[in-house]
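Q: Next input, structure requested:
(chains A and B)
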Amino acid sequence: MKLKQYHQWYDSIRFIMKITAVHMLISTLMSSVVLASPASGQGLLDIEITVNAEQVELRQLLDKVEKIATVKFVYSPRRIQFRQVVSVRAEQEKLENVLNKLLSPLDLSYKLIEGRILIFKNPPTAEAEALLDSPVGSNLLQVSGIVKDEKGSPIPGVNIREKGTTNGTTTDTDGSFNISVQDENSILVFSFIGYSSEEILVGAKTVINVSLTPDIQALQEVVVIGYGEKSRKLMTESIGTVSSQEINRLPVTSADQALQGRISGVQVTSVDGTPGAPVAIRIRGVGTVGNTQPLFVIDGVPVGNNSNEITNPLSTINPADIESITVLKDASASAVYGVRAANGVVLITTKRGKPGKPTISLDSYYGVQQIRKFNEYNSTEEWLNLTQEAFDNANAQNNLQPGDASFRILHPDLVPGSPLREQSNELAWREAALNTPAPIQNHNISISGGGDNYNYFVSGGYFNQEATVRNWELDRYTFRANADFKVNKRVRFGETFTVSYQETKRGMNGGGDGFLLQNAVVMPPFFSIYEDPNNPIPGNRYGYDGNLNRAGLTIGNQVGINEIMYHTDRQTRLLGSIYGEIDIVTGLTFRSVASVDYSTTQDDRWRPEYLAPEMGLNRPLNEFVDNRGHSVSKVFTNTLNYKKNFGAHSIDLLAGLEYQGGRGSSIGVENYNFISTSPDFYRVVSGGRSVPFVTAGAGQGAFVGYIGRLSYNLKEKYLLTATVRRDGTSNFSPVDNRRWGTFPSFSAAWRVSEEEFFNTGGLINELKLRAGWGQLGNSNTSSFPHLFRVSTIPDYALGGSNTVQAPVPINFVNEDVRWETVETIDIGFDMSMFNNKINVLAAFYDRTTKDFLYSLPLPALTGFQSTPVNLGTVNNRGIELELGYSNTFDNGLTMQISGNITTVRNRLVELAPGLEEFTSSDIYRTAIGKPIGYFFGYQTDGIWQTQEEIDAVFTGGYQDFNSPQGPRPGDVRFVDVNGPGVETQFSGEPDGIINFNDRTYLGKTIPSYYYGFSANFMYKNFDLNLLFQGVGDVQVYNQVRRNGLDLIGGGRNMLVETQERWTGPGTSNSIPRATATDFNANNRFSDRFVENAGFLRLRNIQVGYNLPQSLRDKIGGFKSARIYVAGTNLLTFTNYSGMDPEVMTYRQNSSQIGAGTDSGNMPQPRIYQLGIQLSF
Amino acid sequence: MKATKIGIFTIILSLSVIVSCENRLDLAPLGELSSETFYRTFEEFNAASLGPYSTMLNFYFDQNGRGHYNGIERPSDDSRHGGQGSDNNGDFIWLPDNGDFGYIYRESYKGVMRANAILNRIPTSLLTDTEKARFEAEARFIRGHFYFILATQFGTPPLVKESISSVENSRVGNSLPGQVLDFVEQDFLFAKEHLPAKWDNANVGRASSGAATAYLGKVYLYREKYQDAVTQFNAVIASQVYSLTNNFGDNFAETKQNNSESIFEIQFSRGDINPWLSVDHGSNVGHAGTGRAINFRASCFLNKCAPGANGVGYGRIHITTSLQGEFEPNDPRIFHTFFVSGEDYFGTPYDPAWSITGATPSKYIRDYITYPQPNAGSNNERLIRLADVYLMLAEAELLGSNNVNRAAELINLVRRRADPGGAILPDRPSAAGATQMMEWLMHERRVELALEGHRYNDLVRWHNAGIIDIKTDVDFGSSLADQNWSPTHLLKPFPQSEIDLVPDLSQNTGY
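A: You can find the predicted model right below:
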């Protein structure tokens, strides 16, 4: 025992000596002046030295002295507070005197042993050595006390730690604690969330009562910024953060969903409510018509724009591992990310260990998901009535007589007396597609801790979510190991490593779409799902009913097909990085980070053979497809960081270089006609009996960036940040430096409240004014637009059979493509009032994107569909406001309320010369003076009620080109608003002709404002958390409604709303008549199908109970234990008629153009959740 | 001192990293060719010259009939859609957002672009002058083909003469009337001059001099330059490369592709993987026959279904009663045009109740090889065959110089081949006079060339020449179509998306 102790002690000495040698190499760069006179041959202690050190750490000073006096100091860092700050001045004084002057006040002594100077704590050597040799803890001091808040109420759960050790405890319910410490020199650190931590020297005290003071709110928190950290109070930039606590409150697959409603200026929309669904993030409006997703950076590693159309790449990061998410909103904050920062940057920081004993945390929840609202469809009787009426009206309008081939009659299967009329399955189809209640569960375990020289965080997680439609399930396994090591006082290393495996079973929801439900509910209501026992299908292998040619209709039974398909995609992702940091001299740090983001995918799909009688579709050959891909992104970042205070001046300088290279490839093989349908057999693609068909692809790209940033403050009162980044990308032409861009930014802030003249009598505690300007870039577009590229894909058959490659050009060459540049102005203030109980943050932003990149639809006459161009200018401006209130009342109730709102005004300012607008589809247009990608179509004015009304208008050449026979009573009344112009395309005046020129603005997909509101209450052991979130003044194209109000009858089922249709004058002024030949094109895209989709949603409500100490002790010594129940999406207030107002066009998450179509996406589910959080 | 060294070392290291990083930006697309590495040698041009050809396949592969079937064939009075009620294309509810017409427009210009790309690269290639002329001729033939479609369908389509190199130059407005066909004439004249009369077996399917000559004659005929047309058609005949096949049905049999009557065929090939996609898509191999297999096959009407019919989804082209009635009784060509009651239809007696009109196409369908994928097909589309040239020549002779005798002679050549004995299809006597002969000619074209994509163009040409009035003389087989047809429908509307993108492009009258 004794021997072992000695060895430990000896090892630490040897260790110090080794490092000292390294320090010699770099200490010449140190700022303090240390000079030694020539050694005079006297004893070591008589060497005369000159030292002039002001406020340096003891260890640093000793290092200097070692060097100049060529002596060796030996001490135990465990015993001596060698980081304490000291000052000493000596002019040609003997070392002995200097050491006395230095060490005595510190209660330290020294002794010369064999040419080395041993430094030890008083009392003298013998006792010191005895102490060193004694077993740890034999001589401990007992300290106890009570921790109270500023009002004198005891605080339970306060963390108490002996500084520099792993020793610690927490206060119990009455705020009392009991701890053993090494000796009277021990320092106790008291910390509790929301309060400033307190350090107290134990000294002679055995009872220590502490009163904690509230933290000056968030203003003192340290925020992660690009390539560094910054104190929030010294921030000049616009940055928003979300903590792990908030992230983990929501049962979500990916952390980006947790940003919803939390930060002003950040709009988050899930494309649909399915597991792992893509998430659209818009920061301060829509800055480009192209890819408008922000850049995601995980632990300093840029991982792209997260713009996958089908899945969410971020879902491979376990939200429970995330410490915080920082959103860089303005140019000044984002400019260090240069060309990829135009749409903002989302920094994700994962958890790291904190000094102390290992803490094990367990976190589990289980929930069930349901659907809030359904679209309702007709019964068979209603379907028949509508169809008959549509046929009668069409026959009458066209003077068709029975016997004419075009005369519409009900199919023989549906004439009165037919058995099909007797079954009405509209609800059965819905139920058969649904999987409710669908379970969702999540389990995490983490172990974290550390000592003075290291920390670690290790975690494992399992997440499982079933979709609310059948045969769709996501499983995810994640593992993480983060650690930091202090090699010595100057060198640090650390790493982050995460591996995740995600597997999604999808059935026939091949591309990930959630339209199974929509496809099921529009089945004609007299169709059956399962085989009809009265009319069995010979040889039916699956039991489903293809409804082959029932009533002249055959529609694939997707519910059935979904059940017999096997389709799983898998993703394995490894994201690892290692960094090293060296403090070259005090304040100057060199940091190098290398990382690899590697992911592989395997997507395989089996479809058995089936025939139309079984499934409504003929697929006579079975098929197995195996697609695999891998991608790797390597990032290498080197930065130099210099921090220094010169009296009242403080600077923080950053310079760096970053390289990122990526490469990916994929290969897919498909084969058919497998001899067996056994799942264990068909998984090997070579088992099929056809010739396997192979597809493959590959791509690559690279970025190089130079980074520079200066932060300066004077007396922490006047703050300035200047940033520049120069970036190059492989994407663009090297000619004329088009691949290089430089992005500067500046921001400044003035903490008015620090001025002497500022005396508010306690009303305002903190007031900071800030302003910033900067430029950012965006290079997101299809790669290599400047190269004339040729694909060998098409082929042609010579001699009628000899198929050969027929290479063709595949892109419109545009050599001029370069960065788009976003210029941002940001002005705002931060304020805290009433003893920091109320916080206000307000900002005005103005972002102008110049030369925005867009894949411009080309005229078809070019032979191409589109090409990347620098197309025009778009402006976003608005106001962000965040308000927070927190207070702890006398009765112990703690309340935190915060709200935020953001306004967005999006306008296209200009397009390329000669272009005023362009369309991207039949319903979306982008034009100068309007928001990007607005809806355009016909305006309507109710329903024509009588022929007289029509004749009064349709006279003298007035006509509707879409309505060859003119409207009839019961048809929709379309409005003539426009005609061809003389000099411009449109006159803006009615011209007596309704045609394509009359399509006009009908709404926009970018909300005018969005907001969030959260409230947290804590009372005794209970807590209650609420999160509301909403958007306003936004429109959605309800395609489900348009299809469901198609009143031609005879086909797929229609919405029950069709029962309100026009059947005679005065019966309806909104739903037209049924007519089988819709000659008036009533269903053309018009304002009838563009709906207001603003909503307010109770996103989450959570009630938790913290088990008191007594109970925890009984169960088994938990540090903390909380159980909670929660509900997600419980309440939604909206006028939108579809299933969910929070919806985006499927596969359109990354671009705002064409983003507002509801095609029947699965809605966000309601989730009821029960969870437990334990730590011990 | 050491520190200084380390500092210098660090700086040098950083600089070298920077330099090597900047070089790493010089990347190129993977798995593709580029202008740097392609369009140089004969071998490369020999492959690239097929790119424009492959574009032609895009008119035929689509299961929904986009391209040829919906846009070219459906509007004619030979066919109608299979359901009750209305069908926009067949019933002349033609709107500028019509996807089928937009597709024809888009794919035609894609063909033009691919031809122009080759023409653009020839001057800087390593080819000999002879090779240059040959590849130029091939590219110009295909470009002429697509511009002929554009001009006949849209009237005054934008004229793109060479590769467009900038977005600014991409907004080309309408051409002047006749300008595009002038350009087409020049292309076919060059092609006629520089293409071989015949290709070796490995290259069968490439355009020949005879194909260019016949196509040139066709352009002249459409432009009412009858004498020029006569000259070109006579040159085709005089070349003695072509002769009518003995059996009419050989022209639609997969086993008799590229036969003696064939002047230009679009070469379909069999692809075994995915017949639903175009060749441009990449997971298919030239499988252009799917559209025909789906559109021509018999389907269902009310509750009666043909074997293999997939609900009402398949079988979109139905033979109108007016075409059925156009055939003289027992005309042997009926067998190769549509199915009649009781005939063997893939093992089942044909039932007219399967179709709304009582008849569905047998042309190209009767004699094609089925694959494991029954919807696939690789039976070549015959674009120009000698019988068509005979009848076009007859028309030119008749309308240009009132040469009734020559017209009768040519018409009778076609009739004799169909009915060698003449018992069913007796000779047309020239004594009947020009008007009667023109009617006989119109009849002959309709029955000989039914479903081969000529009929609506013929009607429009004759309407424009004042020979018929479509409104009064034509029965489209649908009362809605008859009601709706107006002279507006002589041309198709330009796609609305194109009007939106090209400010100088004016819509055709009436749309």
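Q: okay, how far is it across stretch A:92-112, tip to tip?
A: Stretch A:92-112 has an end-to-end distance of 21 Å (criterion: CA to CA, to the nearest Å).
Q: cool, and stretch B:166-182?
A: Note: stretch B:166-182 ends 26 Å apart using CA to CA.
Q: hmm, that stretch touching chain A?
A: Yes - using CB under 8 Å from any CB of the partner chain as the criterion, contacts between stretch B:166-182 and chain A involve B:166-168, B:170-172. The C-beta positions use only the backbone N, C-alpha and C, and glycine is treated the same way.
Q: Among those, name the buried ones.
A: Buried members of those, scored by 16 or more other CB atoms under 10 Å in any protein chain shown, are B:167, B:170-172.
Q: for the record, mean pLDDT for the helix or strand residue A:804 falls within?
A: Per DSSP states H and E: residue A:804 is located in strand A:802-805. Mean per-residue pLDDT for strand A:802-805: 80.
Q: in it, what's buried?
A: Residues of strand A:802-805 classed as buried: A:803-805 (neighbour count, 16+ other CB under 10 Å).
Q: Is it in proximity to chain B?
A: Yes - Strand A:802-805 reaches chain B (CB under 8 Å from any CB) through A:802-805.
Q: Can you read off the pLDDT for residue 34?
A: The chain I'm using is chain A. Taking residue A:34 on its own, its pLDDT is 35.
Q: Oops, wrong one, chain B.
A: 82.
Q: now do residue A:355
A: Residue A:355 is given a pLDDT of 83.
Q: Just to check, it is in contact with residue A:455?
A: Yes - contact status for residue A:355 versus residue A:455: in contact at 6.5 Å, counting by CB atoms under 8 Å.
Q: Go through the biggest helix by length in chain B and flag the buried ones.
A: In chain B, assigned by DSSP state H, the helix with the most residues is helix B:129-154. Buried residues in helix B:129-154, defined by neighbour count with 16+ other CB under 10 Å: B:131, B:133-154.
Q: Is any residue of that helix near chain A?
A: No - applying CB under 8 Å from any CB, one finds helix B:129-154 separated from chain A by no less than 9.2 Å.
Q: For residue A:479, give me its contacts.
A: Residue A:479 sits next to A:459-461, A:498-500 when contact means CB atoms under 8 Å, 6 or more residues apart in numbering or on different chains.
Q: following the helix or strand hosting it, which helix or strand shows up next?
A: Assigned by DSSP H and E, residue A:479 belongs to strand A:473-486. Counting by DSSP H and E, the next helix or strand C-terminal to strand A:473-486 is strand A:491-505.
Q: any idea of the mean pLDDT in that following strand?
A: Mean predicted confidence for strand A:491-505 is 93.
Q: burial of residue 388, as a residue count?
A: Here I'm looking at chain A. 18 (other CB atoms under 10 Å in any protein chain shown).
Q: I was thinking of chain B, sorry if that wasn't clear
A: Neighbours of residue B:388 (other CB under 10 Å): 23.
Q: Isn't it up against residue B:450?
A: No - under the criterion of CB under 8 Å, residue B:388 is not in contact with residue B:450, lying 11.9 Å apart.
Q: pLDDT score assigned to the residue sitting nearest the centre point of chain A?
A: Residue closest to the mean C-alpha point of chain A, counted by CA atoms, centre = their mean, is residue A:256 at 2.3 Å. Reported pLDDT at residue A:256 in the predicted model: 85.
Q: Might you report the residue contacts of it?
A: Applying CB under 8 Å, 6+ apart to residue A:256 gives the contacts A:268, A:279, A:281, A:296, A:306, A:312, A:314, A:346.
Q: what's the helix or strand for the last one?
A: It refers to residue A:346. Going by DSSP H and E, residue A:346 is in strand A:345-350.
Q: I'd like to check the angle between that strand and strand A:491-505, please.
A: 100 degrees (axes from the mean of the first three to the mean of the last three CA atoms, to 10 degrees).
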